[in-house]
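>>> coords please:
(chains A and B)
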Number of protein chains: 2
Amino acid sequence: MRLAVYSRFLEQLQEQGHGTVSSCMIARGTGVTPAQVRKDLAYFGEFGTRGVGYDVEALSGHLKRILGLDRKWPTVLVGAGKLGSALALYEGFLTRGFHIVGVFDIDPDPVGNRFGQLDVLPMERLEEVIQRYGAQIGIITVPANAAQEVGERLVDAGVRAILNFSPYVLNLPEGIIVRHVDFTLHLETLTFNLVYKKEEFKTF
Amino acid sequence: MRLAVYSRFLEQLQEQGHGTVSSCMIARGTGVTPAQVRKDLAYFGEFGTRGVGYDVEALSGHLKRILGLDRKWPTVLVGAGKLGSALALYEGFLTRGFHIVGVFDIDPDPVGNRFGQLDVLPMERLEEVIQRYGAQIGIITVPANAAQEVGERLVDAGVRAILNFSPYVLNLPEGIIVRHVDFTLHLETLTFNLVYKKEEFKTF
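Presented below is the predicted three-dimensional model:
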C-alpha cells in the first residue's frame, strides 16, 4: 500500500514539474518516515543517488512496473447499485490500467442498465466474461449476505484477486488475494484516533 | 484497522449465535496471526480467559468502546457525485454511529438534490453546519484538483479527522487525522501481489 501511495505522490510531483526528489520529501508528502521510504525503495533495487535523491520520472516508472501498472488488468464488478455504478464509471481505474470488462448483478432488476460503455449483465454470464477476457481481478459491491457466494463464484471462474466492498469478511481459498474495503472500517480508524487523541497519524 | 476488523468479525459471530471465541478463530476469520490477535487485544486490557477464550458479546462491546462506536459521530460529506451519493445513503454508517449531517458540493449544479433526508447544500453553509452539529469528521469525495482546498476548509471549520476519497494526497496541519481511501491504491495492492505471486495475503 505504501508503494502505491509513493507512486501516486510521484505522479503529483511529475505534474508539478519536479525532476528529483529526496526520501525526506517523499516522507513528508506521504506521512511515512524517511527511513521507511528508503527501506521500502531499497527492497526493490537501488533507485536513488546519495546526496542527489531520486529521479522522479525514473522512480515513478519503476514503481509502476513493481505495482503491475505497466500492463492492463481486465476486471469484473459484481453489484450494480450506487457504489457499483460509481466504481464502474470511476475514470481513475482506467488511467491506472484497470479495465472494467463486465458489470453483473444478482438481482434481475438492474440488468440491462447501461454504465458508460457497459450493460449490466445477469450472473449467468459471469463465467463466460471472466474467461473471455482472462479477468484476474473481481470487485464485489453486493450486500453482506450475498458476498461470500459471489466471492466463491468469482474464484471458481478464475479470479485470483478480490477487492471486497461489502461489509462481510470473506472466507476464500488460500492463494486468493483479498482486500477488504469497508468504509465503516475506515471511519472507525478515525474515531479510534479521535478517542485516543493521538498526534499526527496519517494512514492510507 | 485490525481492531475494526475484529469488531466486524465478532458481530458476524454474534449474529451466528456464538457465545465464545478463541484467538485462533478470530485469527482465521480475519487473516491475522493468533499471536497478533492476542497482542492487539491484550494491549487494551485482559479480555480473555485462558483455555476458554473470549466472550463474544463482552469483547464486541469492549472493542466498540475502544473504537469510539458507543457514541454518535456527526459527519459532513463534501462532493455530491455518484460516490458521494452512495456514501451518503450507505446504511452501514448509521448503524455504526456515523450520522451524515450535511452533504455539500463545490459545484452549484447538484445543490438542492435530495440524498435520503438531506438536501445537497452550497459550500457557503459548510462552516455553519459543522459548527451547529459539532461535526469532527469530514468525508471528501470531490475531484483531485479540489481536494486540498476542501480539506483546508473542513479543518478551519473544526473538523479533526478526514476520510479522503479523492485521488489527491492531502497536506493538512499536524494533529489532523487523515485516512486516504483511494480505490485505485487498493487495486494496486492486488496487482502488486498478483505480480509478485505471494501466497495468501489478506489485508484490510
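>>> ok, so what distance separates A:Val103 from A:Gln148?
As judged by CB to CB, to the nearest Å, A:Val103 and A:Gln148 stand 20 Å apart. To be clear about C-beta, it is placed using only N, CA and C from the backbone, and glycine gets the same treatment.
>>> Tell me which of the two has more neighbours.
Taking other CB atoms under 10 Å in any protein chain shown, A:Val103 and A:Gln148 do not tie; A:Val103 has more neighbours (28 against 17).
>>> secondary structure element for the more buried one?
Take DSSP states H and E as the rule and A:Val103 turns out to sit in strand A:98-105.
>>> ok, now A:Ala4?
Residue-wise, A:Ala4 maps onto helix A:2-15 under DSSP H and E.
>>> Show me what the most centrally placed residue in chain A is bridged to.
Centrality entry for chain A: nearest residue to the mean C-alpha point is A:Leu163, 7.2 Å, by CA atoms, centre = their mean. In this entry, A:Leu163 is beta-bridged to A:Ile139, A:Arg179, by DSSP bridges.
>>> who are the neighbours in contact with A:Ala157?
A:Leu126, A:Glu127, A:Ile130, A:Gln131 (CB atoms under 8 Å, 6 or more residues apart in numbering or on different chains).
>>> And it, its phi and psi?
Torsion angles at A:Ala157 (phi, psi; degrees, to the nearest 10) stand at phi -80, psi -10.
>>> before we move on, what about the one 4 residues further on?
Geometry field for A:Ala161 lists phi and psi as phi -140, psi 130, criterion degrees, to the nearest 10.
>>> any idea of the pLDDT on the residue of chain A most remote from its centre?
Distance from the C-alpha centroid of chain A, by CA atoms, centre = their mean, peaks at A:Gly51 (33.4 Å). At A:Gly51, the model reports a pLDDT of 77.
>>> for A:Lys198, same thing?
Per-residue confidence (pLDDT) for A:Lys198: 47.
>>> Also the one 3 residues further on?
You'll see A:Phe201 listed with a pLDDT of 40.
>>> Would you mind giving the domain segments of chain A?
What automatic domain parsing lists as the domains of chain A is A:2-66, A:73-184.
>>> A:Leu154 reaches A:Ile139, doesn't it?
No: between A:Leu154 and A:Ile139 there is no contact under CB atoms under 8 Å: 9.3 Å.
>>> which residues are in contact with both of those two?
By the contact definition CB under 8 Å, 6+ apart, A:Leu154 and A:Ile139 are jointly contacted by A:Val76, A:Val78, A:Ile162.
>>> what's the neighbour count on the last one?
Using other CB under 10 Å, A:Ile162 has 24 neighbouring residues.
>>> ok so, going back, name the residues of the helix holding A:Ala4 that come out as buried.
Neighbour-count burial for helix A:2-15, counted by 16 or more other CB atoms under 10 Å in any protein chain shown, picks out A:Arg2, A:Leu3, A:Ala4, A:Val5, A:Tyr6, A:Ser7, A:Arg8, A:Phe9, A:Leu10, A:Glu11, A:Leu13.
>>> Is it possible to get TSV of those residues that adds pLDDT?
As requested, these are exported to TSV (pLDDT from 0 to 100):
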residue	pLDDT
A:Arg2	85
A:Leu3	88
A:Ala4	87
A:Val5	86
A:Tyr6	91
A:Ser7	91
A:Arg8	86
A:Phe9	89
A:Leu10	92
A:Glu11	89
A:Leu13	91
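>>> Just give me the closest of these to chain B.
Using CB to the nearest CB, A:Ala4 comes nearest to chain B of the buried residues of helix A:2-15, at 4.0 Å.
>>> B:Thr184 versus the closest one, what's the distance?
8 Å.
>>> near chain B too, which of the shared contacts of A:Leu154 and A:Ile139?
A:Ile162 (CB under 8 Å from any CB of the partner chain).
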